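Student: got a predicted model here, sequence first, then my questions.
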Amino acid sequence: MTKRKMKKLAGQKAENSGRDSAPRNSPEVVGQRDQAEPSGEAATSKPSAAGRAQNPVPGLYLVATPIGNSRDITLRALDVLAAADVIACEDTRVTAKLLAIHNIRRPLLAYHEHNADRAGPDIIRRLKSGKIVALVSDAGTPMVSDPGYRLLRTCAEEGIYVTHLPGPSSVLMGLVLSGLPTDRFLFAGFPPVKSGKRRGFFDDLKTLASTLVFLESPKRLASSLADMLAVLGNRDAAIGRELTKMFEEIRRGPLEELAAHYATAGPPKGEVTVVVGAPGEEKIIDGDDLDALIVAALKGTSVRDAAAAVSAATGLPRRNVYSRALSLAKK
């Protein structure tokens, strides 16, 4: 080997050795990455995926947070929360605990249904001045049963950049674990508090050929299930409780069985997600069979409730069943 070749080989080894010994996160490398910020109108309105992950551009970021297990948060969500100029949240105390777990310190701003009219314009002013605002709920995905949609609509009207960082959702988790069809479903939120309005609420949904997903207060679960049974009929259902937490529970069965269980066991602990199957195929019922069903339903209940239960079970119009139930009750 000639001296020239030996000198060249020694130089290559020295170069490679220096490259391998440099730390991956050296200040030089990090500095180059941080300097690669998007610029110009096009970059601001439509940032690249890499830009969103490493260097969020000004705009509103809807960040999904854990619904129970604090480790159920994405790396991208942590990036945005750490970079945000302000974090808008339902309860600053709840969000502060989550941020403390991940050693993030950022200014917090309360934004919820009771102050949305006042806090919303303040957030829009911040966004217009070029700030990064992260919007979170106490648990799960923002804008599911909260006022965030108003903020998003205003941002859309004002041409402000908005994006969503997907993550935990009790609605989707409850649906998936229910064992019921997921190809077509409707999230209907919280049913009304009072039984009369609640039954009317379920009555509007009973003909939909979709799996139904509700959120419900543990204290109202038993009475709500009883109303579902009376209006929707004895459909297959599932109750998700304390999802992602240590005492997670999924209880599956017909509505009649679930309603009886919680009426006896009392209110469960923790957050509750209710999933109810779609209506079954319609059955042809003759007059004698209908009368037998009504007479059985009239035992121990009112004409109105009996008619509602039979209507839900048979798919027949409630008005017709109620009229027949009145006649049978007089006999």
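Tutor: Right, received. Where do you want to start? Note that the structure is a prediction, hence the values are computed from the model and not measured.
Student: count of neighbours near S311?
Tutor: Neighbour count for S311, taken as other Cβ atoms under 10 Å: 24. For every residue, glycine as well, the C-beta is placed using N, CA and C.
Student: next, it: secondary structure please.
Tutor: With DSSP: H, G, I helix; E, B strand; the rest coil as the basis, the three-state label of S311 is helix.
Student: and for D79?
Tutor: helix.
Student: what of Y61?
Tutor: strand.
Student: CA-only coordinates of stretch 248-257 in PDB, if you can.
Tutor: Taking C-alpha atoms only, stretch 248-257 is exported to PDB below (Å, rounded to 0.1, in the frame of the first residue of the first chain):
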ATOM      1  CA  GLU A 248     -62.100  -0.500  34.400                       C
ATOM      2  CA  GLU A 249     -65.300  -2.500  33.900                       C
ATOM      3  CA  ILE A 250     -67.300  -3.500  30.900                       C
ATOM      4  CA  ARG A 251     -70.700  -5.000  31.700                       C
ATOM      5  CA  ARG A 252     -72.600  -6.400  28.700                       C
ATOM      6  CA  GLY A 253     -76.100  -7.800  28.400                       C
ATOM      7  CA  PRO A 254     -79.800  -7.000  27.500                       C
ATOM      8  CA  LEU A 255     -81.100  -3.600  28.800                       C
ATOM      9  CA  GLU A 256     -83.500  -5.400  31.000                       C
ATOM     10  CA  GLU A 257     -80.600  -7.200  32.800                       C
END
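Student: now it: average pLDDT?
Tutor: The average pLDDT within stretch 248-257 is 94.
Student: kindly report the same for stretch 63-73.
Tutor: Stretch 63-73 shows an average pLDDT of 93 in the prediction.
Student: and for it, what's in contact with it?
Tutor: Stretch 63-73 is contacted from outside by 74, 77, 80-81, 95, 98, 101-102, 134-142, 164-170, 173, 242-245, 248, 271, using Cβ atoms under 8 Å, 6 or more residues apart in numbering.
Student: out of those, list just those in helices.
Tutor: 77, 80-81, 95, 98, 101, 170, 173 (DSSP state H).
Student: ok, of the contacts of stretch 63-73, which come out buried?
Tutor: Buried subset of the contacts of stretch 63-73 (neighbour count, 16 or more other Cβ atoms under 10 Å): 77, 80-81, 95, 98, 134-142, 165, 167-170, 173, 242-244, 271.
Student: which residue ranges of the stretch 1-150 of the chain form helices?
Tutor: 3-21, 27-35, 40-45, 49-54, 75-83, 92-101, 116-128, 148-158 (DSSP state H, counting those that start in this stretch).
Student: lowest average pLDDT across these?
Tutor: Looking at the helices of the stretch 1-150 of the chain, the bottom one is helix 27-35 with a mean of 29.
Student: how does this protein divide into domains?
Tutor: The chain resolves into domains spanning 52-168, 171-276, 287-330 when parsed by automatic domain parsing.
Student: sec struct for L215, please.
Tutor: Following three-state DSSP, the label given to L215 is strand.
Student: list the contacts of it.
Tutor: Shown in contact with L215 (Cβ under 8 Å, 6+ apart): 145, 170-171, 189-190, 271-274.
Student: quick check: it vs H112, distance?
Tutor: In this view, L215 and H112 are 16 Å apart by Cβ to Cβ, to the nearest Å.
Student: how about stretch 266-273: buried residues?
Tutor: 268, 271-273.
Student: mind putting those residues in JSON lines, distance to V321 included?
Tutor: Below are those laid out as JSON lines (distance: Cβ to Cβ, whole Å):
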{"residue": "P268", "distance to V321": "33"}
{"residue": "E271", "distance to V321": "36"}
{"residue": "V272", "distance to V321": "31"}
{"residue": "T273", "distance to V321": "31"}
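Student: shouldn't L127 be in contact with L60?
Tutor: Yes. Contact criterion Cβ atoms under 8 Å: L127 and L60 qualify, at 6.0 Å.
Student: give me the common contacts of the two.
Tutor: Shared contacts of L127 and L60 (Cβ under 8 Å, 6+ apart): 133, 155, 160.
Student: can I get these in a markdown table with distance to P181?
Tutor: As requested, the shared contacts of L127 and L60 are exported to a markdown table (distance: Cβ to Cβ, whole Å):
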| residue | distance to P181 |
| --- | --- |
| V133 | 38 |
| C155 | 35 |
| I160 | 38 |
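Student: for A307, state which of those residues is nearest.
Tutor: When the shared contacts of L127 and L60 are compared for distance to A307 (Cβ to Cβ), C155 wins out at 48.2 Å.
Student: tell me which residues touch the closest one, please.
Tutor: Residues in contact with C155, defined by Cβ under 8 Å, 6+ apart, are 59-60, 124, 127, 161-162.
Student: most neighbours, which of those?
Tutor: Greatest neighbour count in those, by other Cβ under 10 Å, goes to L60: 25 neighbours.
Student: secondary structure class for H261?
Tutor: helix.
Student: out of everything not next to it in sequence, what's closest to it?
Tutor: Distances taken as Cβ to Cβ, 6 or more residues apart in numbering put R251 closest to H261, at 7.2 Å, once the chain neighbours are dropped.
Student: before we move on, what about K245?
Tutor: G68 (3.8 Å).
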